[in-house]
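Structure for the following, please:
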Amino acid sequence: MTDDPHIRLIGEATGLTTSGEGGDDAVVAFYRSLIPRLCTEVSHSVEVSRLIGFRTEAEPGGEYRFLGIETNALGPIPEGMITLDLSDALLTVTAPGRPETIHPINRAWREETPLGIVGEFTAPAPLDLSSLDEKQRLQYYSLSVHAPVDVKEPIPESDAIELTDPDPAWPDEFARMADRLKTDFPEAVTRIEHYGSTAVPGIPAKPIIDILVETPSMDIARRALIPGLVGPEWEYWWYTDHMIFIRRREFGGTRTHHVHVAPAGHRLWEGIVFRDYLAAHPEAAGDYTALKRELSARYRTDREAYTDAKTAFIRGILERAKGGADG
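Residues are numbered from 1 along each chain as shown. Prediction:
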């Protein structure tokens with residue numbers, strides 16, 4: 001991108017209710033609605049840019065989110081969007097029809113990566129121009145998104161859902177990535193498990209290795225993993241209380257790994273219960289296979305709908321497993 005420590009982002013800031021069961025859905029909906037606009041309405045001087053997001057606490061049960069795209073091109077700010085200029089010491093916020101505001105920031109951490117600077121900071125909150133003059137209390141802004149993006153094709157065709165037959169190489173692919181994570185990030189990793197359909201013998205799956213990482217602290221995990229898992233083939237996304245790193249074969253290519261990161265006791269760890277139940281109950285695994293084939297045909301280009309449609313089945317299996325039913 002640029003060697004200049006100054007970063008210019010054009011995007012949108014919004015408050016979201018993220019407590020309770022619909023929190024992740026609210027975050028995903030915000031991202032999905034905004035990303036095409038960032039790629040088509042913001043002026044770009046390059047074909048490949050990066051999406052960068054920040055999150056901070058808002059009202060109880062809520063968050064304040066900003067998602068933007070890096071740009072060095074001069075052009076009008078699209079309706080409803082703002083510009084953030086981040087240097088090592090200042091945050092400058094610009095929006096059409098409003099005075100520019102400049103605030104000192106404190107960098108919590110800052111790293112140079114192959115794609116440019118990443119980091120987190122403390123600044124006045126929230127990033128809402130109507131209240132910046134009134135709310136001078138400081139908030140911590142965590143990096144919530146970092147992903148390279150093709151401004152002409154923000155959602156790659158390679159993300160379509162394609163199930164493949166079981167591959168005996170999947171456990172080895174998991175082991176290689178798990179070894180890398182344990183070796184490179186020992187402070188952030190306390191446990192690693194292979195889960196998802198590629199971890200269940202005999203059932204078809206999207207050929208993506210799902211890895212679940214237990215971390216002692218999400219702060220430690222972000223600080224260690226974000227600078228270390230950055231490159232044209234890596235994406236980082238923070239949801240409500242966990243994060244995921246997506247690895248592709250190359251920029252814009254097919255996905256190869258999903259690295260999910262969460263603390264002990266997080267609901268994601270129920271995925272291990274689900275995995276073990278299917279491995280021990282072939283009939284349930286067969287039912288899941290039939291459901292996956294049906295849904296993959298119905299929702300080939302909609303990953304969120306495909307995932308949501310499996311929820312009832314997964315919950316049913318978890319109830320059986322926790323209840324000790326033979327199912």
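
And for stretch 194-209, what's in contact with it?
Applying CB atoms under 8 Å, 6 or more residues apart in numbering, the contact partners of stretch 194-209 are 161-167, 170-171, 173-174, 177-178, 193, 210-212, 254-258, 271-272, 274-275, 278-279, 282, 285, 288-289, 292-293. Placement of C-beta: from N, CA and C, glycine included.

How far off centre is it?
21 Å (CA atoms, centre = their mean, to the nearest Å).

before we move on, what about stretch 33-44?
18 Å.

cool, stretch 31-39 as well?
On CA atoms, centre = their mean, the centre of stretch 31-39 falls 14 Å from that of its chain.

Please enumerate residues in contact with that stretch?
Outside stretch 31-39, the residues that reach it (CB under 8 Å, 6+ apart) are 10-12, 51, 53, 67-69, 78, 81, 145, 149-152, 154-155, 237, 304.

What mean pLDDT does it get?
Here stretch 31-39 scores 93 as its mean pLDDT.

Show me what counts as buried in that stretch.
31, 34-35, 37-39 (16 or more other CB atoms under 10 Å).

out of these, which are inside helices?
Within the buried residues of stretch 31-39, residues falling in helices by DSSP state H are 31, 34-35, 37-39.

which of the contacts of stretch 31-39 are buried?
Of the contacts of stretch 31-39, these count as buried by 16+ other CB under 10 Å: 10-12, 51, 53, 67-69, 78, 81, 145, 149, 151, 154, 237.

For the stretch 151-300 of the chain, which segments are assigned as helices?
170-184, 218-228, 270-280, 282-298 (DSSP state H, counting those that start in this stretch).

List buried members of the contacts of stretch 194-209 by neighbour count.
Counted by 16+ other CB under 10 Å, the contacts of stretch 194-209 give 161, 163, 166, 170, 173-174, 177-178, 193, 210-212, 254-258, 271, 274-275, 278, 285, 288-289, 292 as buried.

rewinding a little: any chance of the helices of the stretch 151-300 of the chain in a markdown table, with mean pLDDT too?
Formatted as a markdown table, the helices of the stretch 151-300 of the chain follow (pLDDT from 0 to 100):
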| stretch | mean pLDDT |
| --- | --- |
| helix 170-184 | 97 |
| helix 218-228 | 95 |
| helix 270-280 | 96 |
| helix 282-298 | 95 |
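
now the ones you listed as JSON lines including distance to residue 103?
Supplementary listing: the helices of the stretch 151-300 of the chain in JSON lines, determined by distance: least, CB to CB, whole Å:
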{"stretch": "helix 170-184", "distance to residue 103": "35"}
{"stretch": "helix 218-228", "distance to residue 103": "23"}
{"stretch": "helix 270-280", "distance to residue 103": "41"}
{"stretch": "helix 282-298", "distance to residue 103": "47"}
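
what about stretch 153-167, how long is it end to end?
30 Å (CA to CA, to the nearest Å).

what does it contact?
Outside stretch 153-167, the residues touching it (CB under 8 Å, 6+ apart) are 35-36, 38-39, 150, 198, 201-207, 248, 252-255, 292-293, 296, 299-301, 303, 306.

Doesn't residue 313 lie inside a strand?
No: checked against DSSP: H, G, I helix; E, B strand; the rest coil, residue 313 lies outside a strand; its state is helix.

Count the neighbours of it for me.
Using other CB atoms under 10 Å, residue 313 is surrounded by 16 other residues.

which residues touch residue 277?
284, 317-318, 320-321, 327.

How much space separates it from residue 271?
11 Å (CB to CB, to the nearest Å).

Quick check: beta-bridge partners of the residue nearest the centre of the chain?
Centrality entry for the chain: nearest residue to the mean C-alpha point is residue 237, 1.6 Å, by CA atoms, centre = their mean. Beta-bridge partners recorded for residue 237 (DSSP bridges): residue 145, residue 244.

and stretch 162-174, how far from the chain's centre?
With CA atoms, centre = their mean, you get 23 Å for stretch 162-174.

my bad, should have said stretch 155-163
17 Å.

any idea of the mean pLDDT in it?
On average, stretch 155-163 scores 78.

Okay, buried residues for the helix or strand where residue 307 lies please.
Under the criterion of DSSP states H and E, residue 307 resides in helix 303-309. Neighbour-count burial for helix 303-309 flags 303, 306, 309 (criterion: 16+ other CB under 10 Å).

in this structure, what secondary structure element scores lowest on mean pLDDT?
helix 129-132 (a mean of 45; mean pLDDT, DSSP states H and E).

In contact with residue 11, which residues?
Here residue 11 is in contact with 34, 38, 53, 66-69, 81-82, 84 (criterion: CB under 8 Å, 6+ apart).

6 Å - rerun?
Contact partners of residue 11, counting by CB atoms under 6 Å, 6 or more residues apart in numbering, are 66-68, 81.

Tell me if it really is in a strand.
Yes: under three-state DSSP, residue 11 sits within a strand.

Without its sequence neighbours, what residue ends up closest to it?
Spatial nearest neighbour of residue 11, chain neighbours left out: residue 68 (2.5 Å); criterion: CB to CB, 6 or more residues apart in numbering.

Pairing partners for that neighbour in the sheet, please.
Residues in beta-bridge contact with residue 68 (DSSP bridges): residue 11, residue 52.
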